[in-house]
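S.K.: coordinates for the following, if possible.
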Amino acid sequence: MGAPVMAQEFATDAAIFPNGALTDYFGTSIAVDGDRMAVGAPRTGVTGAAEAGAVYLYRWNGDLLVWEADGSVEQQPDPLAGMEFGTRIALGNDRLVVASTYGCADGSCSLLVYQRQGDDDWQYLGELIVPAALDGGSFGAALAMDGDRLAIGGGYEGARECVALYDLSTGLASVHVILEDSLLAGADQGFGASLALLGDFLFVGSPGDDLLGMDAGAVQVHSRNIGGPDMWGLARKVLASNGAAGDRFGTAVAVDQDFAAATAYGLPGSNTDGGRVYLFGKDVGFAGNWGEIGFAEPQPVQPASRFGSTMDVKGDLVVVGAPEEDQGSSVLPEDGAIHIFQRSTNGTGVSHTQRIGASTDQEHFGNAVAFTSHGLVAGAPWNGSESGDDGIVRVFRTSAVGVVDHQQRTATVAPNPFQGSFQVHMPPVTQGSSEWRLRDQRGTLVAIGTIAAGTTAFEVVRDEWSSGLYLLTVTDHRGVDLLQQRLIAE
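M.R.: This next block holds a predicted model:
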């Protein structure tokens, strides 16, 4: 089991809403690179084209500790109805790559590239050049990016599934194509169904691999300079220690430094029907190996929750989405949840440390997940907090915001998120009256009130709230901040 871990708890910090039309599906996809974030809203209506799609960009403001809007991009040269631009996205080195759901022809989907020129300014660079030998599949079904390097899966070259690599610093043409083993040609292994790229390592999910049984799954680790300078060759084929038919190990893959993870989103009736996540370490077992550290399941285990369809890794932490997990409050099991796992301190095990459930029914919370430099984000594209299925991205942090003195540690503000009103409970201020102020995410003062000496609880009520982020500040008679708390109005 490994040495116990000191679990990191994530708490809701903010919510990011779309600003498009109905049925945006904002939060279907998320990509993060440093202090930049991209969010796909593939059913946004654009200039009269229904469900053409859009991608919204954000930058982290370290002073205000919020994600600020940083522009948006649309399909080029002209948005087309029904394309669902933004279904899959990748972000790296101020470049954005966007794929659509529809409009695929000759085995490839339109993959458009944008370059950030400055705040709120993303310029269209052009369309990626599909390798000439590709003649089938759905090239663009999986994307992974690290710096200037981009990997794209889903295509076929003849009967062999393949992954193409690009170096966007040199142009929009591919520099290398990795083919599945020729002995597996035509076997529908799902080679390239999921991808993770870090430096000179490329992790390729192959959930249909049959080595341990039909659709047991596998992950291939390819490395640069194997087979020649700048060539990419197979370094290791990774299998689940308890893999079996139907597990579909490799449904999602992720890597950070010397730590990687893969999910098994099992077929109905398989031993991973409820999902499972496996952790691997570089050089575990022997030099050059990616050895299994351990595996874990969500708590509670729930079949058909799509646990493992999305995942990300950072440091010792793994976040896994289960976008159809049922919370028991709706007819359809599509509420969603995310699960946090942590590697043990001695690196020999993994533990399930936290589950965060959906805030509303049938919102597909966890459809996209990503760690950031400041916490994590998760998409709920079916959320109807605004109207229809606009979607939402929830922001989580590992520590409270704005701790000023010892009094805040015993103060509570609930509910959060809230609708219509919230209550504040805090230690009494014995001398003089205090004041509370509420500001919206633009810094505009929207409400103010006085707190009499000795008060331990008060309620803030408004007839109408605009959805979004607010900052509550409580100040004593000397002007000293007693509490700063971010709140989300839904």
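S.K.: what about the helix or strand of the chain with the lowest mean pLDDT, distance to the chain center?
M.R.: Every helix and strand of the chain was ranked by mean pLDDT, DSSP states H and E. The lowest is strand 481-489, at a mean of 78. In terms of Cα atoms, centre = their mean, to the nearest Å, the gap separating the centre of strand 481-489 from the centre of its chain is 26 Å.
S.K.: can you check stretch 361-373 too?
M.R.: Using Cα atoms, centre = their mean, the offset of stretch 361-373 from its chain centre is 6 Å.
S.K.: show me what counts as buried in that stretch.
M.R.: Within stretch 361-373, the residues that count as buried by 16 or more other Cβ atoms under 10 Å are 361-372. From N, CA and C alone the C-beta is placed, and that goes for glycine too.
S.K.: also stretch 130-147?
M.R.: Applying 16+ other Cβ under 10 Å to stretch 130-147 flags 130-131, 134, 136-146 as buried.
S.K.: burial count for the nearest residue to Glu9 once chain neighbours are set aside?
M.R.: Nearest in space to Glu9, with sequence neighbours left out and distances taken as Cβ to Cβ, 6 or more residues apart in numbering, is Gln354 at 6.1 Å. Neighbour count of Gln354, defined by other Cβ atoms under 10 Å: 18.
S.K.: what's the helix or strand Gln354 falls within in contact with?
M.R.: If you go by DSSP states H and E, Gln354 is part of strand 350-357. Contacts to strand 350-357, defined as Cβ atoms under 8 Å, 6 or more residues apart in numbering, come from residues 2, 4-5, 7-10, 277, 279, 293-299, 318, 325, 327, 335-344, 365, 378, 396.
S.K.: the same query, at a cut-off of 7 Å, please.
M.R.: 5, 7, 9-10, 279, 293-296, 298-299, 327, 335, 337-344 (Cβ atoms under 7 Å, 6 or more residues apart in numbering).
S.K.: what do you get for stretch 32-41?
M.R.: With Cβ under 7 Å, 6+ apart, stretch 32-41 has contacts from 18, 20, 24-31, 53-60, 67, 86-87, 89, 91-92, 96, 370, 372-373, 377, 391, 393.
S.K.: same thing but at 6 Å, please
M.R.: 18, 20, 24-26, 28-31, 54-60, 86, 89, 91-92, 96, 370, 372, 393 (Cβ atoms under 6 Å, 6 or more residues apart in numbering).
S.K.: off-centre distance for it?
M.R.: Per Cα atoms, centre = their mean, the centroid offset for stretch 32-41 relative to its chain is 9 Å.
S.K.: now the end-to-end length of that stretch.
M.R.: 15 Å (Cα to Cα, to the nearest Å).
S.K.: do the same with stretch 24-35
M.R.: Distance across stretch 24-35, first residue to last, is 24 Å (Cα to Cα).
S.K.: swap in stretch 24-39?
M.R.: Length of stretch 24-39, first residue to last, Cα to Cα: 11 Å.
S.K.: and that stretch, what's buried?
M.R.: Under the neighbour-count criterion of 16+ other Cβ under 10 Å, stretch 24-39 has 24-33, 36-39 buried.
S.K.: what's the burial count for Arg59?
M.R.: Close neighbours of Arg59, defined as other Cβ under 10 Å, add up to 18.
S.K.: filter the contacts of strand 350-357 down to the buried ones, ChimeraX style.
M.R.: In ChimeraX, this line selects whichever of these come out buried by 16+ other Cβ under 10 Å:
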select :5,10,279,293,294,295,296,298,327,335,337,338,339,340,341,342,343,344
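S.K.: in strands only, show me the contacts of strand 350-357.
M.R.: 279, 293-296, 337-343 (DSSP state E).
S.K.: okay, stretch 436-452 in PDB with CA atoms only?
M.R.: Only the C-alpha atoms of stretch 436-452 are listed here, as PDB (Å, rounded to 0.1, in the frame of the first residue of the first chain):
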ATOM      1  CA  TRP A 436     -18.900  43.900   5.100                       C
ATOM      2  CA  ARG A 437     -18.500  44.700   1.500                       C
ATOM      3  CA  LEU A 438     -19.300  42.600  -1.600                       C
ATOM      4  CA  ARG A 439     -17.600  43.200  -4.900                       C
ATOM      5  CA  ASP A 440     -18.100  41.500  -8.300                       C
ATOM      6  CA  GLN A 441     -15.300  40.000 -10.400                       C
ATOM      7  CA  ARG A 442     -14.700  43.500 -12.000                       C
ATOM      8  CA  GLY A 443     -14.100  45.000  -8.600                       C
ATOM      9  CA  THR A 444     -17.400  46.900  -8.600                       C
ATOM     10  CA  LEU A 445     -19.000  47.300  -5.100                       C
ATOM     11  CA  VAL A 446     -22.400  45.700  -5.300                       C
ATOM     12  CA  ALA A 447     -23.500  45.600  -1.600                       C
ATOM     13  CA  ILE A 448     -22.400  46.900   1.800                       C
ATOM     14  CA  GLY A 449     -23.600  46.500   5.400                       C
ATOM     15  CA  THR A 450     -22.800  47.000   9.000                       C
ATOM     16  CA  ILE A 451     -22.200  44.300  11.700                       C
ATOM     17  CA  ALA A 452     -22.900  45.300  15.300                       C
END
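S.K.: what pLDDT, on average, does the longest strand along the chain get?
M.R.: Ranked by number of residues, the top strand in the chain under DSSP E is strand 136-146. Taken as a whole, strand 136-146 has a mean pLDDT of 90.
S.K.: so after that strand, what's the next helix or strand?
M.R.: Downstream of strand 136-146, the first helix or strand assigned by DSSP H and E is strand 149-157.
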